[in-house]
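Visitor: got a structure for you, letters missing:
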Ligand code: IFM
């Protein structure tokens, strides 16, 4: 058995997001978000639930910081709720909303936990939807206002900021496929939405730097290496297309200041861009989007094995039997983390990288005393941390790892049916109980090392 030691300053963390844990829907002047509204739409949430109470973190945040201290976590990735801070999306700031995060940040720092704040983890104020949400360029200025107000208040204590979480999900699942809020199914909205997200990111980077001494500013992308399902030309071509639309559509503008030409052609062929034109891209936008950042947040859950569909369009088709997939239907493929990290470094050269999310949804049955034995999560953690370690050895500037998630929470369109937490949450009593994986992670953090179990 070999112990694989991490760098001395490696940050071990856990991650959550406001909408998924806070609850307190109308508390302290908070406005509704698009997810509060989306959850009221028939059939939008698998179990008919909503995030109004979620984990009640809004009232139990002290207890949740104690959980992190028990784990020995050095960092916590959270998001602020735009609807709590600016209930109308722009304009008036809700001081009570900022007060909530003020107290939370102070308590985290007092516990020796470094806060990493993401400004937009999908919960845009519902008031902005009337103008088109992210499909409208007007939303860009609203987001910058919110970023300014939030960093002005918290920037004296919080150094690490991310603008958006997983813009692909917002644009594609929200505006094209309709699985996420606001539930639109209009492919013509997805690319403008993605562009406005990126533009608001670029504009906010400077604003955040003005408000935060010694700031570390980045953005968080969901990444997945594309795997051709077979060695046929068709499947290889489909994998290239998937990579263009999923990974490079965001990485290229951020690091190279341009959208990938092959992916533009693919979109145009699918009729999503009339004549290949992108009228939503205005002069100067690409320079703004590619404003240098301090770190890239990489969310990694799985590779994507891709088959060619009827028009050659990419179709995800896992390479392993169904029984081996997670509750989300995702393949466990730790090697993909090393692959994507190496590729990002080689192709884009970010200064620093954090794995800002990585985790697994399992059936997680509790026994009579609420105890959860989750050996598959422990195996997942071990194999992915070893994959991250291999990347560090190969020269990737990986500075930390945030497990998704601290605790079971509101998993968007799946409601409370998918559990990713290190801590089990009983959604009747709201009691938190460490799963066996929480004990394992705690030991790994204390050792600053992971054994390969051999
Ligand atoms: O729960 C989500 C999170 O909000 C964004 N990344 C993926 C997680 C699991 O689906």
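Guide: Received the coordinates, thanks. Given the structure is predicted, the values throughout are model-derived calculations rather than measurements.

Visitor: quick one: low-confidence residue ranges for this structure.
Guide: 454 (pLDDT under 70).

Visitor: try 90
Guide: Of all residues in the chain, those with pLDDT under 90 make up the ranges 270-276, 310-311, 368-371, 453-454.

Visitor: buried set for the lengthiest helix in it?
Guide: Using DSSP state H to define each element, the chain has its longest helix at helix 187-211. Within helix 187-211, the residues scored as buried using 16 or more other C-beta atoms under 10 Å are 187, 189-205, 207-209, 211. Backbone N, C-alpha and C define where each C-beta goes, glycine included.

Visitor: tell me the bridge partners for the closest residue in space to residue 401 that isn't next to it in sequence.
Guide: Among residues not flanking residue 401 along the chain, residue 355 sits closest, at 4.6 Å (C-beta to C-beta, 6 or more residues apart in numbering). Counting by DSSP bridges, residue 355 is bridged to residue 298, residue 401.

Visitor: residue 355 contacts residue 337, correct?
Guide: Yes: here residue 355 reaches residue 337: they are 7.3 Å apart, a contact under C-beta atoms under 8 Å.

Visitor: for the stretch 201-350 of the chain, which segments count as strands?
Guide: 216-223, 226-228, 295-300, 304-308, 314-316 (DSSP state E, counting those that start in this stretch).

Visitor: okay if I get those as a markdown table plus mean neighbour count and distance to the ligand?
Guide: Compiled in a markdown table, the strands of the stretch 201-350 of the chain are given as follows (neighbours: other C-beta atoms under 10 Å; distance: least, C-beta to the nearest ligand atom, whole Å):
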| stretch | mean neighbour count | distance to the ligand |
| --- | --- | --- |
| strand 216-223 | 25 | 6 |
| strand 226-228 | 22 | 18 |
| strand 295-300 | 25 | 5 |
| strand 304-308 | 23 | 14 |
| strand 314-316 | 20 | 15 |
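
Visitor: just list the residues touching the nearest residue to residue 339 once chain neighbours are set aside, thanks.
Guide: Setting aside the residues directly before and after it, residue 339 is nearest to residue 225 in space (C-beta to C-beta, 6+ apart), at 4.8 Å. Counting by C-beta atoms under 8 Å, 6 or more residues apart in numbering, residue 225 touches 243, 247, 303, 304, 336, 339, 340, 343.

Visitor: repeat for residue 400
Guide: Residue 400 makes contacts with 10, 11, 12, 13, 74, 75, 354, 355, as judged by C-beta under 8 Å, 6+ apart.

Visitor: for burial, what's the neighbour tally of the closest residue in space to residue 290 that isn't next to it in sequence?
Guide: Leaving aside its chain neighbours, residue 290 sits nearest to residue 257 (3.7 Å; criterion: C-beta to C-beta, 6+ apart). Residue 257 has 15 neighbours, counted by other C-beta atoms under 10 Å.

Visitor: also residue 261?
Guide: Around residue 261 there are 11 residues (other C-beta under 10 Å).

Visitor: roughly how far does it sit from the ligand?
Guide: Counting by C-beta to the nearest ligand atom, to the nearest Å, the separation of residue 261 from the ligand is 29 Å.

Visitor: closest to the centroid, which residue in the chain?
Guide: Closest residue to the average C-alpha location of the chain: residue 165 at 4.3 Å, with C-alpha atoms, centre = their mean.
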